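[1] The sequence isn't on hand, but the structure is:
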């Protein structure tokens, strides 16, 4: 494994930074302490630092060489999750009900390590923008940064991101060309009938019964309306209604998510949900109101940038530890908004140790600090190979 020698000497600093960030998790668009910590580090490395995109976002820049040279962007997420930590670690969250349960603390530090190394060593020619993005979890901070002018203010030829995967062996990498992660949509459905005494159901219009039918009908969207060769998911994740054993309520609310890679599949899923709800309304003589929101687009890696990412990963970990054609997954990532605007690639880095460190989005999860220099070396190698000093 070819961890940069100078990055390897940073392991104590990288581990300390990661654990300090782990103690102060902040959720979407409230990452004030996190943003200040990251900005202070970047300024101490001598980078130009711009703050304020999407509220708490940061873009820090290193320029090397004269003339019209290419620029690339490297992105890390910053936000935490609404989870109460149960690790019992000495550096556990001190913010009640908040936790870095997805490894964004580690992602920030891997990019900080690369920024420090590249600031201290004259090893590339061009411009690198280090993008620290708020609100990846559910709220689309990447899309907000794009809408607020990220690529107009900081033009780039291409943009890259990386996420830790505990299910992969420590220090491995994984990627694929084309679609890698699915689009993320959400729906809210409110069923309004007429409640009453549970002993006289003939006098009510029962939203509970209607909701039971609806959950089953929604499962037919994927099984009967979508081509089996085209991936889609429809999941009902919340049902709320009723207050007592003997009262049929007036209303029931359902919420859920859909996932897909293709726009035509997305269109079909939404239209069928609306049609099913309209039919349910007519069948039960009750009101059914649907709110359907398209949140994140699919994450699609472009060919050239995927090859560049693969080349850097192989230089760090070796060809036998880089998976180049993984199966796309139905989870989602708002880095997709950046990839809609610029070519780029999203890389997975194996964190391993799921039994000891837990899986993503679990209360006992902890980032594996041993991969910090590996991830930082990947970022540095990517810069040095995409923007070589000899060009």
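    Happy to help now that I have it. Keep in mind it's a predicted model, so treat the numbers as computed, not measured.

[2] Can you give the contact residues for the longest helix along the chain?
    If you go by DSSP state H, the chain has its longest helix at helix 263-284. Residues from elsewhere that reach helix 263-284, judged by C-beta atoms under 8 Å, 6 or more residues apart in numbering: 183, 185, 187, 189, 191, 193, 205-206, 209-210, 213-214, 217-218, 220-222, 225-227, 230-232, 234, 258, 260, 286-288, 290, 292, 294. Heads up, the C-betas are built off the backbone N, CA and C, glycines and all.

[3] Just the buried ones from those residues?
    Among the contacts of helix 263-284, the ones that count as buried by 16 or more other C-beta atoms under 10 Å are 183, 185, 187, 189, 191, 193, 205-206, 209-210, 214, 218, 221-222, 225-226, 231-232, 234, 258, 260, 286, 288, 290, 292.

[4] any idea which residue sits dead centre in this structure?
    In the chain, the residue lying closest to the centroid (C-alpha atoms, centre = their mean) is residue 333, at 3.5 Å.

[5] helix, strand or coil for that one?
    Here residue 333 is recorded as coil under DSSP: H, G, I helix; E, B strand; the rest coil.

[6] mind starting the numbering at 59 from now?
    Happy to do that; since the first residue is 59 now, the last one works out to residue 391.

[7] quick one: it from residue 240, how far?
    From residue 391 across to residue 240, the span is 9 Å (C-beta to C-beta, to the nearest Å).

[8] For this structure, which segments count as helices?
    63-66, 69-81, 90-102, 162-178, 199-205, 208-211, 265-283, 321-342, 361-375, 393-399, 412-415, 430-444.

[9] Please list all residues in contact with residue 231.
    With C-beta under 8 Å, 6+ apart, residue 231 has these contacts: 368, 371, 374, 375, 379, 380, 381, 405, 406, 407, 408, 436.

[10] in terms of contact, does residue 429 touch residue 409 like I think?
    Yes: using C-beta atoms under 8 Å, residue 429 is in contact with residue 409, at 5.7 Å.

[11] Overlap of the contact sets of the two?
    164, 222, 228.

[12] re the thing from before, to the chain's geometric centre, what's the distance from the longest helix of the chain?
    28 Å (C-alpha atoms, centre = their mean, to the nearest Å).

[13] That helix to helix 265-283, inter-axis angle?
    140 degrees (axes from the mean of the first three to the mean of the last three C-alpha atoms, to 10 degrees).

[14] any low-confidence regions in this structure?
    Low-confidence segments of the chain, defined by pLDDT under 70, span residues 59, 412-413, 449.

[15] And it, what are its domain boundaries?
    Structural domains annotated on the chain: 63-240+356-444, 241-354, as defined by automatic domain parsing.

[16] Distance of residue 302 relative to residue 263?
    Counting by C-beta to C-beta, the gap from residue 302 to residue 263 is 18 Å.

[17] related to what we said a few turns ago, okay, the domains of the chain, which one's buried deepest?
    Among the domains of the chain, the stretch with the highest mean neighbour count (mean count of other C-beta atoms under 10 Å) is domain 63-240+356-444, at a mean of 20.

[18] for that domain, how far is the first residue from the last?
    20 Å (C-alpha to C-alpha, to the nearest Å).

[19] ok, now stretch 222-232?
    Stretch 222-232: ends 10 Å apart by C-alpha to C-alpha.

[20] That one: how far from the chain's middle?
    16 Å.

[21] ok, residue 405 - contacts?
    By C-beta under 8 Å, 6+ apart, residue 405 lies in contact with 218, 219, 220, 221, 231, 232, 233, 367, 371, 436.

[22] Identify the spatial nearest neighbour of the third one, chain neighbours not counted.
    The one in question is residue 220. Of all residues beyond its chain neighbours, the one nearest residue 220 is residue 405 (4.6 Å), with distances taken as C-beta to C-beta, 6 or more residues apart in numbering.

[23] ok, that neighbour to residue 162 distance?
    15 Å.

[24] same check, this time on residue 77
    14 Å.

[25] next one: residue 181
    Distance from residue 181 to residue 162, by C-beta to C-beta: 27 Å.

[26] Quick check: the nearest residue to residue 105 once chain neighbours are set aside vs residue 229, distance?
    Excluding its sequence neighbours, the residue lying closest to residue 105 (C-beta to C-beta, 6+ apart) is residue 118, at 4.2 Å. Distance from residue 118 to residue 229, counting by C-beta to C-beta: 26 Å.

[27] now residue 404
    Residue 404 is 18 Å from residue 229, by C-beta to C-beta.

[28] how close does the residue of the chain most remote from its centre sit to residue 250?
    The C-alpha centroid of the chain is most remote from residue 258, which lies 48.7 Å away (C-alpha atoms, centre = their mean). Using C-beta to C-beta, we find residue 258 at a distance of 19 Å from residue 250.

[29] if we can go back for a sec, out of the shared contacts of residue 429 and residue 409, who's nearest residue 92?
    Among the shared contacts of residue 429 and residue 409, residue 164 lies closest to residue 92 (C-beta to C-beta), at 13.0 Å.

[30] Run through the bridge partners of the residue nearest to residue 445 when sequence neighbours are not counted.
    Spatial nearest neighbour of residue 445, excluding adjacent residues (C-beta to C-beta, 6+ apart): residue 184 at 3.6 Å. Here residue 184 sits in beta bridges with residue 122, going by DSSP bridges.
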